[in-house]
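In: Using only what follows, build the 3D model:
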Amino acid sequence: MNYELRHFDTILLKFSSTNDSSIPEIHLTWINDHTSIYYHWI
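Out: Numbers count the residues shown, from 1 in each chain. Just a heads-up that it's a prediction; the model follows:
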């Protein structure tokens with residue numbers, strides 16, 4: 001499944017995850033470089 005992490009209308013990052021395994025796997029597919037300065041903890 002694909003997900004988006006947003007702050008109001010601004011997309012901060014996109015990621016995908018798997019649901020079919022006992023250990024969840026998360027893959028970052030896109031990071032907004034313009035906001036990563038302000039959200040350095042990501």
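
In: Show me where this structure dips below the pLDDT cut-off.
Out: The model of the chain has pLDDT under 70 over residues 34-42.

In: Show me what the longest strand anywhere in the chain is packed up against.
Out: Taking DSSP state E as the criterion, the chain has its longest strand at strand 10-17. Where contact means 3 or more CB pairs under 8 Å, 6 or more residues apart in numbering; DSSP states H and E, strand 10-17 is packed against strand 2-7, strand 26-31. For every residue, glycine as well, the C-beta is placed using N, CA and C.

In: wait, which of those is closest to Thr18?
Out: Distance to Thr18, taken as CB to CB, is lowest for strand 26-31 among these, at 8.3 Å.

In: The closest one to strand 2-7, inter-axis angle?
Out: 60 degrees (axes from the mean of the first three to the mean of the last three CA atoms, to 10 degrees).

In: Could you give the bridge partners of His27?
Out: Ser16 (DSSP bridges).

In: Assign a three-state SS to the residue of the chain most remote from its centre, would you?
Out: Distance to the chain centre peaks in the chain at Ser22, reaching 20.6 Å (criterion: CA atoms, centre = their mean). With DSSP: H, G, I helix; E, B strand; the rest coil as the basis, Ser22 sits in coil.

In: Who are the contact partners of the closest residue to Lys14 other than its chain neighbours?
Out: In space, and not counting its chain neighbours, Lys14 is closest to Trp30: 4.2 Å by CB to CB, 6 or more residues apart in numbering. By CB atoms under 8 Å, 6 or more residues apart in numbering, the residues touching Trp30 are 11, 13-14.

In: how close does Trp30 get to Asp20?
Out: Separation of Trp30 from Asp20 (CB to CB, to the nearest Å): 23 Å.

In: Same question for Asp33.
Out: 31 Å.
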